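Colleague: Turn this into a model:
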Amino acid sequence: MIKELTKEKTSLPFGWELTVLGKVCEVIAGQSPKSKFYNTNEEGLAFYQGQIEIDRPPRTIMSMTGHKYQKVFDGYYEILKGDSLVKTVNFKKASYIGDPDNTTLIFNELEVDELTLLDIAATNNKKKPNFKILAELANECFMPLAYGGGINNFEDAKKIFQIGIEKVVINSVTFTNTSLITQLSEHFGNQAIVVSIDVKKIFGKYQVYYNSGTKKKKTDPVAWAQELERLGAREILLTAIHQEGTWKGFDINIIEKISNAVNIPVIANGGASSIEDIGKAVKQGCASAVSLGSMVVYQKKRMGVLVNFPDNSKIKKILL
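Modeller: Numbers count the residues shown, from 1 in each chain. Reported below is the predicted structural model:
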């Protein structure tokens, strides 16, 4: 059931991304994630405003069951510039999409499962997360929330959880403070910790990047994914920078390598152009989930903006 839409617009700052994880099918052995929420986002906003004290996260999503027994989520990435949404290609070439508030309301009505906000400018600009906007947005959204960007220590993550966010997404900080993954996992539970890996294929070799794709790390992506799992990551958000926004399909090779090397869910991102691409990422790449971008904000490649979402029945069919 959809609650009453708020009339107050939430203005998101430059450099934020939205990832919507959609309500789609249960696959393999018929198992689906079980989630339970504590308290409400209203409590999160009250905490931020100093009205109440909360020690635990106001809403915590419980652990999903089994690596290869996940729901497949479909989502999309959008970068925000000022009050506008834009879509990138290879983390560059931003194109105008529309208003973030209206787009979020559309996905509310489509009853998507999860919304992830990534402030891709926070780390590069050495800024803290915008806790005020996060609290307001958490209070307005109908769906579970995850957030990444500018999270550099335990206190940053704790405050994000306390204002009503279910999961944190971390990337750049993992290269300078790997112990933070373990610390967060032990305190909040590893179900709340997502680590993103951005890879780029150069002359046939995969390389790991961070800081929104601006810095390179000399490490093997597969070995890095295994290390992140050992440290306590619960999910891996895997983005192929060379495919992102291109409509050329997912990089099945790197998805398969990492998915088969770890025992935690891998979310494939970058390049989807059709429902068939979703099927390939799951069946051939062994991805636990997929994230969609251009496919759900444009009518077709090189055509106008049209916010949409794949029909669940068609996705279920392609995965059979």
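
Colleague: all strands of this protein, in order?
Modeller: 16-21, 77-81, 84-89, 92-98, 114-119, 145-148, 167-170, 193-202, 205-210, 215-217, 235-240, 266-269, 289-291 (DSSP state E).

Colleague: Quick one: the helices in the stretch 201-320 of the chain, in order.
Modeller: 221-231, 252-259, 275-283, 312-319 (DSSP state H, counting those that start in this stretch).

Colleague: Can you add mean pLDDT, mean neighbour count and distance to Ala146 and give the ones you listed back as a markdown table?
Modeller: C-beta coordinates here come from the backbone N, C-alpha and C atoms, glycine included. Putting the helices of the stretch 201-320 of the chain into a markdown table (pLDDT from 0 to 100; neighbours: other Cβ atoms under 10 Å; distance: least, Cβ to Cβ, whole Å) gives the following:
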| stretch | mean pLDDT | mean neighbour count | distance to Ala146 |
| --- | --- | --- | --- |
| helix 221-231 | 96 | 18 | 16 |
| helix 252-259 | 98 | 21 | 20 |
| helix 275-283 | 94 | 20 | 20 |
| helix 312-319 | 83 | 15 | 21 |
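
Colleague: of these, which approaches Ile151 most closely?
Modeller: helix 221-231 (15.0 Å; Cβ to Cβ).

Colleague: got the contact list for the closest one?
Modeller: 174, 178-179, 181-182, 185, 195, 197, 199, 206-208, 217, 236, 238, 254, 257-258, 261-264, 266 (Cβ atoms under 8 Å, 6 or more residues apart in numbering).

Colleague: CA atoms only for that helix - export them in PDB, please.
Modeller: Output of helix 221-231 as PDB, limited to C-alpha atoms (Å, rounded to 0.1, in the frame of the first residue of the first chain):
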ATOM      1  CA  PRO A 221      39.300  -7.400  -8.600                       C
ATOM      2  CA  VAL A 222      38.600 -11.000  -7.700                       C
ATOM      3  CA  ALA A 223      41.100 -11.100  -4.900                       C
ATOM      4  CA  TRP A 224      39.800  -7.700  -3.700                       C
ATOM      5  CA  ALA A 225      36.200  -9.000  -3.600                       C
ATOM      6  CA  GLN A 226      37.300 -12.100  -1.600                       C
ATOM      7  CA  GLU A 227      39.100  -9.800   0.800                       C
ATOM      8  CA  LEU A 228      36.100  -7.600   1.300                       C
ATOM      9  CA  GLU A 229      34.000 -10.700   2.100                       C
ATOM     10  CA  ARG A 230      36.500 -11.800   4.600                       C
ATOM     11  CA  LEU A 231      36.400  -8.400   6.300                       C
END
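
Colleague: now that helix against strand 205-210, angle please.
Modeller: Interaxial angle of helix 221-231 relative to strand 205-210 (axes from the mean of the first three to the mean of the last three Cα atoms, to 10 degrees): 40 degrees.

Colleague: Could you shift the numbering so residue one becomes 891, and keep it that way?
Modeller: Shifting the count to begin at 891 puts that one at helix 1111-1121.

Colleague: mind checking the end-to-end distance for stretch 1151-1161?
Modeller: Its first and final residues considered, stretch 1151-1161 spans 22 Å by Cα to Cα, to the nearest Å.
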